[in-house]
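Engineer: Based on what follows, work out the 3D shape:
(one chain, ligands or ions: 1)
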Amino acid sequence: MKVKMHRLFEVLLDSTAADPEAVVGFSLAASPRLGDFLDDLDPAMSLDWNNRDFRGLPELRTHVLRQAGLEEVCDLRDVLVTAGAAEANYLVLRQLLEPGDEIVVETPGWPQAPVLAAAQGARVVPVARVEEDGWALPLDWLAAAVTERTKLIFLTNPNNPTGRMLGRAELEEIVRIADGVGAWLLIDEVYAGLEWEGPRAPSVAGMYARGITTGSVSKALGLQGLRTGWLICRDAGLVQDAVILRENSSEIMNVMGEAIAEIALRPDRYRAGLARARAEGRANLRRMDDWVRGETRLGWIPPEAGLIGLGRLGDGIDGDALARRLLDPPYRTFLLPGSAYGLPGHIRLGVGGGAEANLMQGLERLSEALRDWPE
Ligand SMILES: Cc1ncc(COP(=O)(O)O)c(C=O)c1O
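Structural biologist: Now for the predicted structure:
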């Protein structure tokens, strides 16, 4: 079946065409420049593929395991370098799900899984996070949603869009739930590395034989344009299935993405990149939090990790109408409406994008729009 357009993509398509002057929804750290990598790139590097492994550059896969804390548990054959976490998720969803299978997903959550699962003819079983409980995922509800027909549980940790984290104890419980029916458990960690309140959560690929971790250099390192991510899984058959599907789509990873990501994930550079993103993210989240506290028609639960969270609009304000109004002159500010996540009374607030996002200007304009909104 055809893959349907999801609402989040619809909004992104419209907003890029509108060329906004400020953005209040960015989810990734300020992006480095190509020049930041030139000294470490080899001008003699072949632009053929890496010529070494269909799973991706071995050095890069070593870094991937290290940043996930999996170097003692997994080996290089468990890692497949992909075109972003998006391709990693795609390869898994497309190869695992058959018509009639069930997939359990969280709401709000990343729309890629339900849209692809529906196209595969799988039944999507949502489990709602609870706003009153800081967007926690109720594990008793998750357990109740899982059946013998559940092929896959798909979660994001930290969660997109709320920034809520699952800690070790919760992950262990989720593994127990998945293992009870032999389900696969994919945890998308694309926002990992920017935890504000505690340590990074453990990666599920190290906790469960059917656990699949996906991630990328897109968010904490701001390298989305490289299209470089990964999946990690100790099940050799799953990784092989992903390699086979990729051979029939893009065949191999792009060599520049691999080379630059390998440099960015070298221990010293990775530490420095994360430190920069953390300092900037923390400062911007404080600004955002102060700003939200000054607004009477908006509230939010700040993210435990990552650069985005959900704002709840006051009564009578529709997120779609507000986002549309804000994109037009005189505001010219981009905001992701909560309808992208099935929550029309919310908006996504993000502090990423670096100086080019013009965050403070965007917040001033959002204040004006909220002030001017009819009661
Ligand atoms: C939860 C989640 N997964 C995957 C992606 C895609 O990321 P990548 O650039 O690594 O493909 C995003 C991007 O916003 C995301 O939020």
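Engineer: Confirm Thr213 sits in a strand?
Structural biologist: Yes. Assessed with DSSP: H, G, I helix; E, B strand; the rest coil, Thr213 lies in a strand.
Engineer: Tell me how far it lies from Ala136.
Structural biologist: With distances taken as Cβ to Cβ, to the nearest Å, Thr213 is found 22 Å from Ala136. C-betas here are computed from N, CA, C, even on glycine.
Engineer: So the two - more neighbours on which side?
Structural biologist: Just comparing Thr213 and Ala136: by other Cβ atoms under 10 Å the higher neighbour count belongs to Thr213, 29 against 16.
Engineer: burial measure for Arg176, as a count.
Structural biologist: Using other Cβ under 10 Å, the number of residues around Arg176 comes to 12.
Engineer: and it, what element?
Structural biologist: Assigned by DSSP states H and E, Arg176 belongs to helix 168-181.
Engineer: can you list contacts of that helix?
Structural biologist: Contacts to helix 168-181, defined as Cβ atoms under 8 Å, 6 or more residues apart in numbering, come from residues 137, 139, 142-143, 146-148, 150, 153, 155, 157, 166, 184-185, 187, 201-202, 204, 207-208, 210-211.
Engineer: May I have the secondary structure class of Ala323?
Structural biologist: The local conformation at Ala323, judged by three-state DSSP, is helix.
Engineer: Would you mind confirming that it is in contact with Thr333?
Structural biologist: No. Using Cβ atoms under 8 Å as the test, Ala323 is too far from Thr333 to be in contact (9.1 Å).
Engineer: higher neighbour count, these two?
Structural biologist: Set side by side, Ala323 and Thr333 show more neighbours around Thr333, with 28 against 25, by other Cβ under 10 Å.
Engineer: Next, give phi and psi for the more buried one.
Structural biologist: Taking degrees, to the nearest 10, you get phi -130, psi 130 for the backbone angles of Thr333.
Engineer: I'd guess Ile260 is in a helix, am I close?
Structural biologist: Yes. Ile260: assigned to a helix according to three-state DSSP.
Engineer: Count the residues that sit near it.
Structural biologist: One way to gauge burial is a neighbour count; for Ile260, by other Cβ under 10 Å, it gives 23.
Engineer: Number the chain from 43, please
Structural biologist: With 43 as the first residue, the last one maps to Ile302.
Engineer: need the contact list for it.
Structural biologist: Residues in contact with Ile302, defined by Cβ under 8 Å, 6+ apart, are Phe79, Leu83, Leu265, Leu268, Thr270.
Engineer: Excluding residues flanking it in the chain, which one is nearest the residue positioned nearest the centre of the chain?
Structural biologist: Among the residues of the chain, the one closest to the centroid is Val232, at 4.2 Å (Cα atoms, centre = their mean). Nearest non-adjacent residue to Val232, counting by Cβ to Cβ, 6 or more residues apart in numbering: Ala127, 4.4 Å away.
Engineer: right, and the helix or strand after the helix or strand harbouring the one you found?
Structural biologist: For Ala127, the host element (DSSP H and E) is helix 126-138. Under the assignment DSSP H and E, the closest C-terminal helix or strand after helix 126-138 is strand 144-149.
Engineer: Up against the ligand, what does the stretch 93-242 of the chain have?
Structural biologist: Neighbours of the ligand within the stretch 93-242 of the chain, by Cβ under 6 Å from any ligand atom: Gly126, Ala127, Ala128, Trp152, Thr198, Asn202, Asp230, Val232.
Engineer: out of those, who's nearest the ligand?
Structural biologist: Gly126 (2.3 Å; Cβ to the nearest ligand atom).
Engineer: just the strands in the stretch 243-392 of the chain please.
Structural biologist: Taking DSSP state E, counting those that start in this stretch to define them, one finds strands in the stretch 243-392 of the chain at 253-258, 271-274, 340-342, 350-355, 375-376, 378-379, 388-392.
Engineer: can you redo those as CSV with mean pLDDT and distance to Leu408?
Structural biologist: As requested, the strands of the stretch 243-392 of the chain are exported to CSV (pLDDT from 0 to 100; distance: least, Cβ to Cβ, whole Å):
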stretch, mean pLDDT, distance to Leu408
strand 253-258, 98, 29
strand 271-274, 98, 31
strand 340-342, 97, 8
strand 350-355, 97, 9
strand 375-376, 94, 6
strand 378-379, 94, 12
strand 388-392, 96, 9
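Engineer: From the contacts of Ile302, list the buried ones, please.
Structural biologist: When neighbours are counted using 16 or more other Cβ atoms under 10 Å, those contain these buried positions: Phe79, Leu265, Leu268, Thr270.
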